[in-house]
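Student: Dropping the sequence and predicted coords here.
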Amino acid sequence: MAEDEKNKGGRPRLYDDPALFEAKVEQYFDKCDDAEKPRIPTVAGLAYELGFASRQSLLDYEKDERFSCAVSRARLRIEMDRSERLVSKDQYTPGLPMDLASNHGWTTARTETDANVTIKDAARTLDDKLSKYADAASDAFAPEGADD
């Protein structure tokens, strides 16, 4: 066994064969699409189905070029499901925007607007405080009789 093939500690990889990995990913989505017992696909559900102990373990496979495409496509498929539910009046749930933001890198106009408003409000508050200090300082150092 070559030096770089040895297990350098920790648990051995669950998958070394990209074709087997892709087949297992497809099995998961087939289970989700089962007409008798449909399930909503999730990253956590996929990780569990593949035998991982965490979502992060699955996401770590995305860093390996042999598995990168399979993991990216699976995540995209899950994101597609969420975005379709987001615009569907029949399947929408309030948690979808949070899921898309947390797990798929989406941002919302509201999030950006809220952040901008908060920054503007903080700047306005700071300006008000500085103006009050400037007024107090100018009053304190004004020459006597200048108000007359």
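Tutor: Thanks, I have the structure now.
Student: So what touches stretch 13-32?
Tutor: 38-41, 45-46, 49-52, 61, 66-67, 70-71, 74, 77 (C-beta atoms under 8 Å, 6 or more residues apart in numbering). Where C-beta positions appear, they are placed from N, C-alpha and C, glycine not excepted.
Student: Pull out the buried members of these.
Tutor: Neighbour-count burial (16 or more other C-beta atoms under 10 Å) applied to those gives 41, 45-46, 49-50, 52, 61, 67, 70-71, 74.
Student: Format those as a markdown table; extra columns: pLDDT, distance to residue 105 and secondary structure.
Tutor: Formatted as a markdown table, the buried ones among the contacts of stretch 13-32 follow (pLDDT from 0 to 100; distance: C-beta to C-beta, whole Å; DSSP: H, G, I helix; E, B strand; the rest coil):
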| residue | pLDDT | distance to residue 105 | secondary structure |
| --- | --- | --- | --- |
| 41 | 95 | 18 | coil |
| 45 | 96 | 19 | helix |
| 46 | 97 | 17 | helix |
| 49 | 96 | 23 | helix |
| 50 | 97 | 22 | coil |
| 52 | 95 | 21 | coil |
| 61 | 95 | 18 | helix |
| 67 | 96 | 20 | coil |
| 70 | 97 | 19 | helix |
| 71 | 96 | 15 | helix |
| 74 | 96 | 15 | helix |
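Student: Quick check: residue 72 vs residue 19, distance?
Tutor: 16 Å (C-beta to C-beta, to the nearest Å).
Student: In contact with the residue nearest to residue 103 when sequence neighbours are not counted, which residues?
Tutor: Using C-beta to C-beta, 6 or more residues apart in numbering and skipping the chain neighbours, the partner closest in space to residue 103 is residue 43 (5.9 Å). Shown in contact with residue 43 (C-beta under 8 Å, 6+ apart): 55, 58-59, 75, 78, 103.
Student: Filter the residues you listed down to just the buried residues.
Tutor: Taking 16+ other C-beta under 10 Å as the criterion, what is buried in these is 55, 58, 75, 78, 103.
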